[in-house]
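> Could you look at this predicted model? Sequence included:
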Amino acid sequence: MAARIDHLVTSGTFSLDGGTWDVENNVWIVGDDLEAVVIDAAHDAAAIAEALGGRRLTAIVCTHAHDDHIDAAPDLAARTGAPVLLHPDDLPLWKQTHPERLPDGELADGQELTVAGTVLRVLHTPGHCRGAVSLHAPALGTVFTGDTLFAGGPGATGRSFSDFPTIIDSIRDRLLTLPADTVVRTGHGESTTIGTEAPHLEEWIARGH
């Protein structure tokens, strides 16, 4: 059976640099009827576990370590036995939320994770934070971008560990080079496509300055 993508929206808060905001997060589940990976265990481990429906969870992949994307990861790992995977450049952010519990494994640029016979290729896409990654699934025609690229532009870069020129480089060199019909599944809000976003790169650069 081919892998499919299931989508869950969870609600909670995002806190950084002394501020807290209400947010809704996209949780993506990639797999078949037997096994799956979760991309960004946000806010509600019980709801995510219910959406898995008894499938074997092979990994909890963190696109980055802002608290709204990782707050439920340890709980989900405890429920399922799945390892939590994070790019090591985001360990300082991770430790702000989970100082007593480190991730179980590291993500690296070019690494390939396989679930239900489908490859998820890790792309290091820093800028929103230092260890941000995207996950490209060519066979599914999609890329999971976390908070690096949204419908309408780049993720925010106004807080600690972020940098606007770096996120522009990541989007231009790592994401906009993907096929135009690639569906962009984001950390918040609606999906888009590479072809929809690519023509606006220069506008974002001008807006950022």
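All right, it came through fine. Residues are numbered from 1 along each chain as shown.

> For the host helix or strand of Glu197, which helices and strands make contact with it?
Secondary structure from DSSP states H and E places Glu197 in helix 194-197. Of the remaining helices and strands, none touches helix 194-197 by 3 or more CB pairs under 8 Å, 6 or more residues apart in numbering; DSSP states H and E. Just so you know, the C-beta spots here come from the backbone N, C-alpha and C atoms, and that holds for glycine as well.

> which strands and helices sit next to the helix or strand that that helix is followed by?
Next helix or strand after helix 194-197 toward the C-terminus (DSSP H and E): helix 201-208. Helices and strands touching helix 201-208, by 3+ CB pairs under 8 Å, 6+ apart, are strand 153-154, helix 164-170.

> Kindly recompute the last result at 7 Å.
Using 3 or more CB pairs under 7 Å, 6 or more residues apart in numbering; DSSP states H and E as the contact test, the elements touching helix 201-208 are helix 164-170.

> buried residues in the helix it packs on?
By neighbour count on 16 or more other CB atoms under 10 Å, the buried set for helix 164-170 is Phe164, Thr166, Ile167, Ile168, Ser170.

> any low-confidence regions in the protein?
1, 209 (pLDDT under 70).

> Show me which pair in the buried residues of helix 164-170 is furthest apart.
Farthest pair in the buried residues of helix 164-170 (CB to CB) is Phe164 and Ser170. Separation: 10.8 Å.

> Could I have the CA atoms of the helix holding Glu197 written out in PDB?
Provided in PDB are the C-alpha atoms of helix 194-197 (Å, rounded to 0.1, in the frame of the first residue of the first chain):
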ATOM      1  CA  ILE A 194       6.500  25.800  -5.300                       C
ATOM      2  CA  GLY A 195       5.300  27.200  -8.600                       C
ATOM      3  CA  THR A 196       2.900  29.600  -6.800                       C
ATOM      4  CA  GLU A 197       5.600  31.000  -4.500                       C
END
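
> Can you pull out the residues in contact with that helix?
Leu149, Leu175, Leu176, Leu178, Pro179, Ala180, Asp181, Thr182, Val184 (CB atoms under 7 Å, 6 or more residues apart in numbering).
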